[in-house]
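>>> Would you be able to build a 3D model of this:
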Amino acid sequence: MSRWKTYMKNPELGSKESAVRKKWMADTIWNNFEWDYWVTFTFGYNPDLEEVEDILYKLHYRLDRRILKHRKDVSTLHPKDRSEWILFPHIDGGRGLHYHGFVKLNTRPHIGSYDTEWVWLKSALDDTCKKLDSLLSNNGKIGTRFYERGRSDLDDLRTVLYSLNNFTKSKPNTPYPNFDPFLYSILSHVDWKPSYLNKHSRNKIHDIPPRPNKFGLFDSV
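Model (predicted):
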């Protein structure tokens, strides 16, 4: 079932349990997820919810495909070898919807001539986001910011808490009335069901297999 169908069946879902869910999310990331990078994605002013998740899904696919392409010693990526993303939606009055989250690279890229993995990742994200901008109907541009995991537990804790600081239902007068952030949080290995990749897997934007949890024709009935 798509997120939209779930949302429409019960738009009040999560409003009474947001504190419990926020604590569960924080505990999960703090204790059970060995993330490598903290990321922020923006999509211009008030982007469409389904378009945003489509873009994130395709960005995840293309990043893993790029890692595989540049690894001469690896010919396939099984689902367990693909990167894991945990992303949280934020709604604010300025730009509307954007996402904060955490990325774990289960297969490291071959950085080649790049100075560091961070520089390699920046190039990969910048190149792919430019190709994905056309999927936004609001004429927005995809923005990215990302940081390597901190050296101290205190820095990591601050990052986790900041990512969850807006984990509450939006107000009715916003472009996303009664928006439930828990429902639109993304756990890539659960929500997107990453597929097996090899060096011949399709890579063009419009050839990427559809998102498994995408809103479909019969979700509106």
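>>> going forward, measure contacts and count neighbours with C-alpha atoms only.
Noted.
>>> how about the helices in this structure?
3-9, 18-32, 49-69, 117-132, 153-163, 188-191 (DSSP state H).
>>> what's the spacing between the third one and its chain's center?
On the basis of CA atoms, centre = their mean, to the nearest Å, the separation between the geometric centre of helix 49-69 and that of its chain is 8 Å.
>>> average pLDDT for it?
Here helix 49-69 scores 96 as its mean pLDDT.
>>> Need the residues that contact that helix.
43, 74-77, 82-83, 97, 107-110, 124-125, 128-129, 132, 135-136, 192, 194, 197-199, 201, 203, 205, 208, 211, 214-215 (CA atoms under 8 Å, 6 or more residues apart in numbering).
>>> hmm, which of these are the buried ones?
Neighbour-count burial (16 or more other CA atoms under 10 Å) applied to the contacts of helix 49-69 gives 43, 76-77, 82-83, 97, 107, 109-110, 124-125, 128-129, 132, 135-136, 192, 194, 197, 199, 205, 211, 214.
>>> Which of the contacts of helix 49-69 fall in strands?
Among the contacts of helix 49-69, the members falling in strands are 76, 77, 97, 197, 198 (criterion: DSSP state E).
>>> Least confident of the residues you listed?
Ranked by pLDDT, the ones in strands among the contacts of helix 49-69 bottom out at residue 97 (86).
>>> rank the helices of the chain by mean pLDDT and give me the bottom one.
helix 3-9 - the lowest mean pLDDT of the helices of the chain, at a mean of 48.
>>> can you count the residues close to the closest residue in space to residue 138 that isn't next to it in sequence?
The spatially closest residue to residue 138, leaving aside those adjacent along the chain, is residue 47, at 6.0 Å (CA to CA, 6 or more residues apart in numbering). Using other CA atoms under 10 Å, residue 47 has 20 other residues around it.
>>> Likewise for residue 181?
When neighbours are defined as other CA under 10 Å, residue 181 has 23 of them.
>>> Please report the distance of it from residue 66.
The spacing between residue 181 and residue 66, counted by CA to CA, to the nearest Å, is 30 Å.
>>> what pairs with residue 103 across the strands?
Beta-bridge pairing for residue 103 (DSSP bridges): residue 37, residue 85.
>>> when you give positions from now on, start the count at 21
Okay, using 21 as the starting number, the last item reads as residue 123.
>>> need the contact list for residue 162.
Contact analysis of residue 162 by CA under 8 Å, 6+ apart lists 61, 62, 63, 64, 149, 150, 152, 153.
>>> Tell me the confidence at the spatially closest residue to it that is not a sequence neighbour?
Nearest residue to residue 162, sequence neighbours excluded (CA to CA, 6+ apart): residue 63, at 4.6 Å. Looking at residue 63, its pLDDT reads 95.
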